[in-house]
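Undergrad: compute the structure for the input listed below.
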Amino acid sequence: MRDKNPAITSIYNDIWLIDGVRTPFVDYKDAFSLVSPTDLGIKAAMGIFARTGLPPEDVGAVVAGCMAQAAYDAYVLPRHIGLYSGVPVGVPSTLVQRVCGTGFELLLQAADAITLGKIELGLCVAAESMSRNPIAAYTHRNGFNLGQVEFKDFLWEALIDSAIGAGMGVCAERLAVEYSITRTDADAFACASFERAIQAQENGFLAGEIVPVTTEKFELEGYKPRGIKLPRGAQDQQSDTHVRRSPMEVLAKLPAVFDGVQTGGNSSGITDGAGAALVAAGSYIKTKGIGPLGRLAGATVVGVPPENMGIGPVAAIRPLLARAGLKLADIDRFEINEAFAAQCLAVERELGLDHAKVNVNGGAIAIGHPLAASGVRLATTLSRELRRSNLRYGIASACIGGGQGIALLIENPKFAG
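TA: Numbers count the residues shown, from 1 in each chain. Here you go, the predicted model:
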């Protein structure tokens, strides 16, 4: 029987993140604004196969994630990502969503399938087009009365939790009050995120996980071609576009969005992008002689009150550490999704984290948060940072709209027994 702790925790012994890549995260309504998330996902999937040199034919399952139905063929997004990236036609695919935790959930689903002996290698791809979120109407199929046309902005409306009648930003403001987080605190956190991301961009660290995107066609024998067409003047996207100098004096001038400490400058950037990763069994990497990027050591998902959704990482990290037999002091690096500065600061304060260990290469405030794709980026960035800094353990985590938290424990393979 399960104990009274409602958290669902998995401890993995021989599951490996072979590698991860992503497209650049590009600003909302910019170069990727007309590109289907499926095509961004295909590009990321092709990138991971090119990076690792592993054959798509080895994949046993495709697990894909995308929050918004940002294309008319959204239903078959995972299937098309697999097929057009070279995965055999007989390999099944599935679509997964756990809101902002979707990218993490893909890795967990692959790890679980491997643990159950279903597959040896899983392709995990997350893609999101914030720009192509529709202007939608859900009640008009049977017609509408005069003056009662009701089209709404899905991107805005989807961020409102109807159970509490408030958006995610309002939840962050609740945490700002509870943890005595000031506007200056939030702006300073954002400023540091931008500065760290600029440094990571300038020293080439971020480029090490990015697959450049150009206009190109994806061919699949016997089927219609598809592809990516970028606008003139933006046909070679090599780096994240939201990263920019954002000094305190500039951030301080921005208006509050939710009548509190949060502004457009200290909230996660709205961007489009995709990420892909290969997750494998130990038997597979031994057969192939692969040096993996990281060991997936464990993960936790748990619910929290919807109005306090931003504190979700705390509720996930604590039971994960307990099950893994570790303490916070054992964790060398944290990647906590920066949905909002106040939300991330509340997590840091509740756990007593040293900010020098958190998001050391910048976070979503600077780099952007294409919803489904962020978890793949966080896990990849964390694994690469552990290797670069010769450190052992890291935790990547995110709060989740609706009131959940998710956390992933990663170990540097150098230290893995």
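
Undergrad: so for the longest helix seen in the chain, mean pLDDT?
TA: Within the chain, and with DSSP state H defining each element, the longest helix by residue count is helix 183-202. Average pLDDT, helix 183-202: 98.

Undergrad: where's it relative to the chain centroid, distance-wise?
TA: With CA atoms, centre = their mean, to the nearest Å as the basis, helix 183-202 stands 19 Å off its chain's centre.

Undergrad: go through that helix and flag the buried ones.
TA: By neighbour count on 16 or more other CB atoms under 10 Å, the buried set for helix 183-202 is 183, 185-198, 200-201. For glycine as for every other residue, the C-beta is placed from the backbone atoms N, C-alpha and C.

Undergrad: which stretches of the stretch 1-150 of the chain form helices?
TA: 37-52, 77-84, 102-115 (DSSP state H, counting those that start in this stretch).

Undergrad: can you list these in JSON lines and add mean neighbour count, mean pLDDT and distance to Ala136?
TA: JSON lines is the format used below for those (neighbours: other CB atoms under 10 Å; pLDDT from 0 to 100; distance: least, CB to CB, whole Å):
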{"stretch": "helix 37-52", "mean neighbour count": "25", "mean pLDDT": "98", "distance to Ala136": "16"}
{"stretch": "helix 77-84", "mean neighbour count": "24", "mean pLDDT": "98", "distance to Ala136": "18"}
{"stretch": "helix 102-115", "mean neighbour count": "25", "mean pLDDT": "98", "distance to Ala136": "20"}
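
Undergrad: so which of these comes closest to Asp236?
TA: helix 37-52 (13.2 Å; CB to CB).

Undergrad: quick one, that closest one and helix 77-84 angle?
TA: Angle, helix 37-52 to helix 77-84, by axes from the mean of the first three to the mean of the last three CA atoms, to 10 degrees: 40 degrees.

Undergrad: packing partners of helix 37-52?
TA: strand 15-22, helix 77-84, strand 121-128, strand 216-218, strand 226-228, strand 271-281 (3 or more CB pairs under 8 Å, 6 or more residues apart in numbering; DSSP states H and E).

Undergrad: Ile290 is nearest to which of these?
TA: Among those, the nearest to Ile290 by CB to CB is strand 15-22 (6.0 Å).

Undergrad: chain center to the closest one: distance?
TA: Centroid separation for strand 15-22 versus its chain: 14 Å, with CA atoms, centre = their mean.

Undergrad: return that strand as PDB; C-alpha atoms alone will do.
TA: Taking Å, rounded to 0.1, in the frame of the first residue of the first chain, the C-alpha atoms of strand 15-22 are listed here in PDB:
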ATOM      1  CA  ILE A  15      18.000   4.800 -17.200                       C
ATOM      2  CA  TRP A  16      20.100   7.300 -19.200                       C
ATOM      3  CA  LEU A  17      19.600  10.600 -20.900                       C
ATOM      4  CA  ILE A  18      21.800  10.000 -24.000                       C
ATOM      5  CA  ASP A  19      21.600  13.600 -25.100                       C
ATOM      6  CA  GLY A  20      19.300  16.500 -25.700                       C
ATOM      7  CA  VAL A  21      19.000  19.300 -28.100                       C
ATOM      8  CA  ARG A  22      16.600  22.100 -28.900                       C
END
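
Undergrad: tell me where this protein is predicted with low confidence.
TA: Applying pLDDT under 70 to the chain picks out residues 1-3.
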